[in-house]
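# show me how the following folds:
(one chain, ligands or ions: 1)
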Amino acid sequence: MRGKKPHKELKLSVPAQETPVDKFLTASGTFKDGELRLNQRGLQLISEETADEPQSTNLKVEDVQLSMDDLEMIQVIGKGSGGIVQLVRHKWVGTLYALKGIQMNIQEAVRKQIVQELKINQATQNAHIVLCHQSFYHNGVIYLVLEYMDRGSLADIIKQVKTILEPYLAVLCKQVLEGLLYLHHERHVIHRDIKPSNLLVNRKGEVKITDFGVSAVLASSMGQRDTFVGTYNYMAPERISGSSYDYKSDIWSLGLVILECAIGRFPYIPSEGEGWLSFYELLEAIVDQPPPSAPADQFSPEFCAFISSCIQKDPAERMSASELLNHPFIKKFEDKDLDLRILVESLEPPMNISE
Ligand SMILES: Nc1ncnc2c1ncn2[C@@H]1O[C@H](COP(=O)(O)OP(=O)(O)OP(=O)(O)O)[C@@H](O)[C@H]1O
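Below you'll find the predicted structure:
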């Protein structure tokens, strides 16, 4: 088996229990799961105590509720494990949105992800988190109306530029850390799926975190009870080995992403001339091998130290988001007035859309 090409993205789908969709639908076509109500007129979260009371049809929405009829489809811009993401335009106002549709084939794990994503999105407002304007349920699909990030994801960017220089990495990383600081400290949320395709960029040079499908609100300590549907490449060793984990698992993932952007390839490589034997071999490498590091002959001491402060196998040795925001690598470029716009303007946008 040796000599095989490395897997690009290793994904594992856990077998899930199917529950008939009508278990979650009321007679009026409202998707209902615990404290969550979602229909064509929008989303409502109600407290657990009132969850079993008769349904109020009076859903509260902040603004005028969007429906499918208001949106003109432009094109598909992405595909994730939950469904497709389309670029849409508001027919009357002209605003562009990314419409993420999640098919309600209603497997237990998928349903949990959606409910989680809706709850976290509903409560989250930060300059470095992709805004979810609204959500609605339509014909068996749950839709999230997301802020459109017109330069796509970091995965799209590194496909084009191969590597990103340290000064830009510092600016980019600072924005992700601010998003993580908000999630960890203010919302007590572990994102759990920080990876290049979940860090989105716009033409203003803003970087924002998205995709809360597998995120978790940390109560006291987090065990290994959750099933995970997604990419394992960026997963921290303590999560792979089933130990308890916390916010620091996001820091590990961020470190790997930033190192990947710097060196132009996923940091774990198989031994010379050999491919990964299997998905499990990579997981084993993450758990058993020393963590990857930035080559000292190619990068500044500050950058190497920053990467090492993130990619520590012992989570207690990893810095927190707030500590990393004060790291010399981030500080070094803070007063240089560097704008990520300069980098993104030189790139091909994922598609040509005129607003
Ligand atoms: N708000 C958005 N603006 C612009 N593009 C987006 C937006 N949200 C998602 N996309 C694009 O759609 C792709 C798919 O997103 P999605 O969150 O469904 O899955 P993913 O993170 O790529 O994969 P997975 O579901 O396996 O985690 C993203 O990689 C990105 O390119």
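# ok, and the closest non-adjacent residue to K100?
L144 (4.4 Å; Cβ to Cβ, 6 or more residues apart in numbering). C-betas here are computed from N, CA, C, even on glycine.
# equivalent analysis for T95, please.
R89 (7.1 Å).
# for that neighbour, helix, strand, or coil?
strand (DSSP: H, G, I helix; E, B strand; the rest coil).
# who's in contact with it?
L71, E72, I74, T95, L96, Y97 (Cβ atoms under 8 Å, 6 or more residues apart in numbering).
# check the nearest residue to L325 once chain neighbours are set aside and give its pLDDT.
Once flanking residues are discounted, L325 sits nearest to L177: 5.1 Å by Cβ to Cβ, 6+ apart. pLDDT recorded at L177 is 98.
# ok, now the one 4 residues further on?
pLDDT for L181: 97.
# and the contacts of the strand or helix carrying it?
If you go by DSSP states H and E, L181 is part of helix 166-181. Helix 166-181 is contacted from outside by 126-129, 154, 164, 191, 194, 199, 205-209, 247, 250-251, 254, 258, 261-262, 299-300, 303, 306, 321-322, 324-325, 329-330, 332-334, 336, 338-340, 343, using Cβ under 8 Å, 6+ apart.
# identify those among those residues that sit within helices.
154, 250-251, 254, 258, 261-262, 303, 306, 321-322, 324-325, 329-330, 332, 340, 343 (DSSP state H).
# in the stretch 251-355 of the chain, where is pLDDT below threshold?
Within the stretch 251-355 of the chain, the set of residues satisfying pLDDT under 70 comprises 271-277, 351-355.
# for the ligand, give me its nearest residue in it.
P350 (6.9 Å; Cβ to the nearest ligand atom).
# spit out the contact partners of the nearest residue to that residue once chain neighbours are set aside.
Nearest residue to P350, sequence neighbours excluded (Cβ to Cβ, 6+ apart): G152, at 3.9 Å. Counting by Cβ under 8 Å, 6+ apart, G152 makes contact with I77, G78, L200, V201, P349, P350.
# now, of these, which are buried?
By neighbour count, with 16 or more other Cβ atoms under 10 Å, these hold I77, G78, L200, V201, P350 as buried.
# okay, the residues you listed in a markdown table with secondary structure next?
Listed next are the buried ones among the contacts of G152 as a markdown table, based on three-state DSSP:
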| residue | secondary structure |
| --- | --- |
| I77 | strand |
| G78 | strand |
| L200 | strand |
| V201 | strand |
| P350 | coil |
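# the residue of the stretch 201-350 of the chain at minimum distance from the ligand: how many residues sit nearby?
Closest approach between the stretch 201-350 of the chain and the ligand, counting by Cβ to the nearest ligand atom: D211, at 4.1 Å. By other Cβ atoms under 10 Å, 28 other residues sit near D211.
# around the ligand, which positions in the stretch 51-200 of the chain sit nearby?
77-82, 85, 98, 100, 130, 146-149, 152-153, 193, 197-198, 200 (Cβ under 6 Å from any ligand atom).
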